[in-house]
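[1] sequence unknown, structure follows:
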């Protein structure tokens, strides 16, 4: 099953209306978040404090009983009192929240553990440097996929997440996105390929007197849709709703999309050197389809099947995001390939004769087709040497550092 959460990284230059656009899209959710927090502080937290006083009194009472009686019933009663107090104190530490800003992974995990469905979001118009510490990649990858996470420390209580569900919407400058994609390509990071990426550098043009704007009824409909989805799905303590597909046509559409990507990712294909990015496109399309399905049916989304029309629209969106990703990736492809050729050359320099066979390189994790491609593109760094005709044994191909 595919969850509906998405990671999105959007590049918009400063001064081009980034904050206004962000507030238009995320505003309704942030308003609900603010209301929930205020309600918790004013209503739920005072009640929790009162319950904590009673729980502390119960702990003291049962501790006295335990000291006097020292029997099994007293031990059980004392343990239950301690457990009740711990549960109340945990609830006091973190109330309901839909959005977290500037989090550490520890604070974020703690907040997610207290939420319905272990779900949370980071939505911000200032996303530079927010989640891209290499040490945190595993955590954010797990929160994208719903992978079990456990953080145990000697100095504090551990945090356990069974199926975390995180949504990211980070707005930043286009140059920062290009830097992140380049670093991910060189380090083969698994986090950045999970992001839908879009970047723009719009031309500055005079404003027209009749320029388009978002009309009031559209804003109202958007606010109503977000509120309904939050109430029905995000705040629900019931198990996650499952959306089924309408008919086999939906599966066929996604299968065609995936196979098209797979052919291009094969050795010699135009996406072979950026496989980790292209490998995520179909999964992103499925997630986009769930989002479009929810936007179409609102609170009743779980009662409807995902249609072929919605699937086709989601794939169109996924292709658009893939195109924006490729615009950035291919613009830096030459530099990335040279870096990889340099890494291969450094590996060969440490070998006897400064060479290795294609077979040995494959066993070391290098793709044979990619090695041959690098040697062809960078003859000043690498050279392919084939066994001359008549050489005993099976013909071999050697790659040598120049």
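    Sure, I can see it. If you're wondering where the values come from, they're calculated on a predicted model, not measured in any experiment. Numbering: from 1, shown residues only.
[2] CA atoms for contacts and neighbours, from now on please.
    OK.
[3] got phi/psi on residue 196?
    phi -70, psi 130 (degrees, to the nearest 10).
[4] tell me, how many residues neighbour it?
    24 (other Cα atoms under 10 Å).
[5] contacting residues for it?
    6-9, 284, 321-322, 325 (Cα atoms under 8 Å, 6 or more residues apart in numbering).
[6] which parts of the helix or strand residue 108 falls within are buried?
    Secondary-structure element containing residue 108, defined by DSSP states H and E: helix 105-113. By neighbour count with 16 or more other Cα atoms under 10 Å, helix 105-113 contains the buried residues 108-113.
[7] just the mean pLDDT for it, thanks.
    Here helix 105-113 scores 89 as its mean pLDDT.
[8] helices and strands around it, which ones?
    strand 119-124, strand 159-161 (3 or more Cα pairs under 8 Å, 6 or more residues apart in numbering; DSSP states H and E).
[9] comparing those, which gets the lowest mean pLDDT score?
    strand 159-161 has the lowest average pLDDT among these, namely a mean of 88.
[10] ok, residue 124 touching residue 169?
    Yes. Counting by Cα atoms under 8 Å, residue 169 is a contact partner of residue 124 at 6.4 Å.
[11] count of neighbours near residue 210?
    As a measure of burial, residue 210 has 6 neighbours, counting by other Cα under 10 Å.
[12] what does residue 167 give?
    20.
[13] same deal with residue 303?
    12.
[14] contacting residues around it?
    Taking Cα under 8 Å, 6+ apart, one finds residue 243 in contact with residue 303.
[15] what's the helix or strand of the chain with the lowest mean pLDDT in contact with?
    When the helices and strands of the chain are scored by mean pLDDT, DSSP states H and E, helix 174-187 comes last with a mean of 76. Under the contact criterion Cα under 8 Å, 6+ apart, helix 174-187 has outside partners 9-13, 128, 189-193, 199-201, 274, 328-329, 332, 336, 339-340.
[16] list only those of those flagged as buried.
    Of those, these count as buried by 16+ other Cα under 10 Å: 9-13, 128, 189, 191-193, 199, 274, 328-329, 332, 336, 340.
[17] strands of the stretch 251-400 of the chain, start to end?
    Secondary structure of the stretch 251-400 of the chain by DSSP state E, counting those that start in this stretch: the strands cover 355-357, 382-386, 397-401.
[18] in its sheet, which strands sit next to the last one, and in what direction?
    For strand 397-401, the paired strands and their directions (DSSP bridges) are strand 355-357 (antiparallel), strand 382-386 (antiparallel).
[19] return the distance of that strand from the chain's centre.
    Distance, stretch centre to chain centre, for strand 397-401: 39 Å (Cα atoms, centre = their mean, to the nearest Å).
[20] contact partners of that strand?
    Here strand 397-401 has contacts from 345-346, 348-349, 354-358, 375, 381-387, using Cα under 8 Å, 6+ apart.
[21] repeat for stretch 371-389
    Contacts of stretch 371-389 (Cα under 8 Å, 6+ apart): 268, 337-338, 341-342, 345, 358, 395-402.
[22] now do stretch 17-24, average pLDDT.
    On average, stretch 17-24 scores 86.
[23] do the same with stretch 80-90
    89.
[24] list the buried residues of that stretch.
    So for stretch 80-90, counting by 16+ other Cα under 10 Å, buried means 81-82, 84-85, 88-89.
[25] could you do stretch 318-330 as well?
    In stretch 318-330, counting by 16+ other Cα under 10 Å, buried: 318-319, 321-322, 324-326, 328-329.
[26] stretch 304-316 too?
    306-308, 310-312, 314-315.
[27] residue 258: which of those residues is nearest?
    Nearest to residue 258 out of the buried residues of stretch 304-316 is residue 315 (Cα to Cα; 10.2 Å).
[28] low-confidence ranges, the stretch 151-300 of the chain, go.
    152-157, 185-188, 202-204 (pLDDT under 70).
[29] ok, residue 14 to residue 129 distance?
    To residue 129, residue 14 is 16 Å away according to Cα to Cα, to the nearest Å.
[30] just residue 341 next, same as before
    Distance from residue 341 to residue 129, by Cα to Cα: 29 Å.
[31] give me the more crowded residue out of the two.
    For residue 341 versus residue 129, the count of surrounding residues by other Cα under 10 Å is larger for residue 341: 23 against 12.
[32] the lengthiest strand in the chain: partners in the sheet, and parallel or antiparallel?
    Determined from DSSP state E, the single longest strand within the chain is strand 165-172. Within its sheet, strand 165-172 is paired with strand 7-11 (parallel), strand 119-124 (parallel), according to DSSP bridges.
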